[in-house]
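A.B. asks: Next comes the sequence, and after it the predicted model I'd like to discuss.
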Amino acid sequence: MVTVDLNGVPKAMGEYANSDSFFGGDPPLSEAIGWAVVLGFGLFFSVFTTLIVMADKYFGSKKAMTSEHFNTAGRMVKTGLTASVIVSQWTWAATLLQSSNVAWNYGVSGPFWYASGATIQVLLFGVLAISLKKIAPKAHTVCEIVNARWGKTAHLTFLVFAFLANIIVTSMLLLGGAATVEALTGMDYRLASFLIPWGVILYTVAGGLRATFIASYIHTTIIFGVLITMILVVYIKAYSSDQIYDYLAKNVAYTEEECEQIYFEYDPDMHSCGQVSGNHDGSYLTMLSSDGLMFGVINVVGNFGTVFVDQSYWQSAIAARPSSAAKGYLLGGICWFAIPFSLATSLGLASTALMLPITSDEAGSGLVPPAVATDLLGDAGSVLILIMLFMAIVSTGSAESIAVSSLVSYDIYRTYFKPDATGEDILKVSRIVIVLFGLFMGCFSLILYELNLNLGWVYLFMGVVIGSAVIPLWNMMTWDKASGTGAVIAAWGGFILAVIGWLAAAQIQGEEITVDTLGTNEVMLSGNVIAICSSGIIHFVYSKLTVTEPYDFSKLNDAITLVEEDLSGLSAAEQDPEELDAAYKWITSRGYVLTFVLIIVWPLLSIPAGVFTESYFAFWVLVAIVWGFGSACVITFLPIFESQDDIIDVFEGMFGMRKEEDVVVEEAPVKEVEEAEEVAA
């Protein structure tokens, strides 16, 4: 017989006896709290962020809201805020929820592969960010650059993939968010998924990209605050690394008969008990995990698509100062690593260590973090996870909204319907699109719900859909012999081959094509790898065979026109070729080295450890804790330190402490930019 020790392990046999799932349809919080978070927090942050933007406008920069400023934030965002925005944009509902799901499934390898497999894209995108500043500083969207270099056919092709990226990312936000709100508060899933987008519409419509950046900073600091709380609770207040180690080791030692005694209506496919299939010695405490590695490959491929093809990341690069772009992306990537790695190393591993009655369906829907937080902190834990999740949803949702509005305004409305559109026209269209996109995504999430697609399924699927656009876009910015026709063939050809391979793999492995057979790791892996590899090969071969004359990148920026003469951030000093070349070399060397360390060196160094010893696991946990604390400090305080003069300026203006002669109205440095362009020509 299995006995329950004094610490209540396994809990599935103790306080949760006779529970066939953790939540079991009985939410820990009242429905009123769900409504308060979904509507109340959305309204609060909308008002708060809008007031900050208005304060800056009237008491700080005195800068009018032009269409350029609405969609580029003046191209003057500093390093700390750039890093904070990158962390915010990259912290999806999946980051908080799915990372703990893979820890529940694979053990220590899950959080690592989630974090490393989704960090390298941000590090490498820093290379594209500087390339953009060098060759297309006037750009508003990635598709504008595609049109300027490769023409209409390529423009329409990559516009489709860009919209698909936005829809997939927003879908995951709503799927994970609505499922968690329903599980924790009982609020109807359909209502939650429809209302969540409205939390970001007001301040995004009012303040544009600058409001999005300010809100993102606030959201990110709150997320890190909850993250630190959870780490401290798991490894210092409630348990220690040694206790969690012992519980994980004890879990895999149980036989199937013992698991049946522990869990009510035990199902080996539904509960986390006993040895882990595909892991070395069946242990959670090892990096030698075939399924964990498979997930890592899917994660790497899929997330290249959702960074390189997502307009929101290009928009952040456009908004950043040239001197800040490279450092901002590198710092953002390093700090973001801590969120899935540290959070899942604490909450994710604790879920299997404590043997909570979490089912695979609950884990797949992203309910591991709220389950553990609720177990450890009661209602307070549920509220903290709910707030943390809502911060991730609204910050990324806002970025996706402004990204879609920019694509529609500049790449559809201005390009194909009204080439002579004024700044006022662009502003109007941008704001209308933000509202319509929020409505559309609320309705689209209901369709996904009816199709019975959960967060984990969509997360693995994203690379199949948009992975084929990644390498052509990289080549567009870095290879002077990249063919436009080849890019179109590669994008569509890679997509078609990926879908065929994905369907064929499901038929071969599962002997039928269903949502379940299409969602297995092996099947998703085949589709993801085919998408990115086939498109890369097609584009390389076609370009080599057809392109003889290299493209002159110096002509690219001239093919992009501004709507208004608002050229903030494009001064001669900001466009110094020597400074940009130095920044390019800086991010290239560091981005490649860190990528190599995260996906090759670190995993290889963990192989000799086999199954972690108690001391090795303690060190692993220490790394997670230190990384989490360090990232929290950087993301919280660096933006404030860099913007202290602007903050003081606003307060002086508000309280009448500034002398009249000190008031300077910002104006776009038109002449300086024109002179710089003449020199460059």
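C.D. replies: Received the coordinates, thanks. Residues are numbered from 1 along each chain as shown.
A.B. asks: Count the residues that sit near residue 235.
C.D. replies: By other C-beta atoms under 10 Å, 23 other residues sit near residue 235. Heads up, the C-betas are built off the backbone N, CA and C, glycines and all.
A.B. asks: Quick one: residues contacting it.
C.D. replies: Shown in contact with residue 235 (C-beta atoms under 8 Å, 6 or more residues apart in numbering): 241, 244, 346, 621, 625.
A.B. asks: now for the helix or strand harbouring the fourth one, which elements pack on it?
C.D. replies: The one in question is residue 621. Using DSSP states H and E, residue 621 sits within helix 614-642. With contacts taken as 3 or more C-beta pairs under 8 Å, 6 or more residues apart in numbering; DSSP states H and E, helix 614-642 sits against helix 79-90, helix 198-232, helix 241-253, helix 322-343.
A.B. asks: could you give the mean pLDDT of that helix?
C.D. replies: Averaging pLDDT along helix 614-642 gives 92.
A.B. asks: what comes up buried for that helix?
C.D. replies: Neighbour counts using 16 or more other C-beta atoms under 10 Å place 617-618, 620-621, 624-625, 627-629, 631-632, 634-636, 638-639, 642 of helix 614-642 among the buried residues.
A.B. asks: Residue nearest the middle of this protein, spatially speaking?
C.D. replies: Central residue of the chain (C-alpha atoms, centre = their mean): residue 90, 2.2 Å from the mean position.
A.B. asks: Just to check, that residue is in contact with residue 335?
C.D. replies: No: contact criterion C-beta atoms under 8 Å: residue 90 and residue 335 do not qualify, at 9.8 Å.
A.B. asks: can you pull the contacts of residue 415?
C.D. replies: Per C-beta under 8 Å, 6+ apart, neighbours of residue 415: 147, 155.
A.B. asks: measure residue 429 to residue 422 for me?
C.D. replies: As judged by C-beta to C-beta, to the nearest Å, residue 429 and residue 422 stand 11 Å apart.
A.B. asks: Excluding sequence neighbours, find me the nearest residue to residue 200.
C.D. replies: Nearest residue to residue 200, sequence neighbours excluded (C-beta to C-beta, 6 or more residues apart in numbering): residue 398, at 4.1 Å.
A.B. asks: ugh, wrong one, residue 581
C.D. replies: Among residues not flanking residue 581 along the chain, residue 134 sits closest, at 7.8 Å (C-beta to C-beta, 6+ apart).
A.B. asks: Pull the contacting residues for the one you found.
C.D. replies: Counted by C-beta under 8 Å, 6+ apart, residue 134 has contacts 553, 577, 580-581, 584.
A.B. asks: picking that back up, which of residue 429 and residue 422 has more neighbours?
C.D. replies: residue 429 (21 against 12).
A.B. asks: Please, which helix or strand holds that one?
C.D. replies: helix 423-450.
A.B. asks: pLDDT averaged over whichever helix or strand comes after that helix - what is it?
C.D. replies: The helix or strand immediately downstream of helix 423-450 is helix 455-466, counting by DSSP H and E. What helix 455-466 shows for mean pLDDT is 84.
A.B. asks: and helix 455-466, how far from the chain's centre?
C.D. replies: Distance of helix 455-466 from its chain centroid, counting by C-alpha atoms, centre = their mean, to the nearest Å, is 13 Å.
A.B. asks: Convert the C-alpha atoms of that helix to CSV, please.
C.D. replies: Only the C-alpha atoms of helix 455-466 are listed here, as CSV (Å, rounded to 0.1, in the frame of the first residue of the first chain):
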residue,chain,number,x,y,z
LEU,A,455,-3.6,25.9,-26.5
GLY,A,456,-1.0,23.0,-26.7
TRP,A,457,-2.3,21.9,-30.1
VAL,A,458,-2.3,25.4,-31.7
TYR,A,459,1.2,26.1,-30.2
LEU,A,460,2.7,23.0,-31.9
PHE,A,461,0.8,23.7,-35.2
MET,A,462,2.0,27.3,-35.7
GLY,A,463,5.3,26.3,-37.4
VAL,A,464,3.5,24.2,-40.0
VAL,A,465,1.5,27.3,-41.2
ILE,A,466,4.1,30.1,-41.1
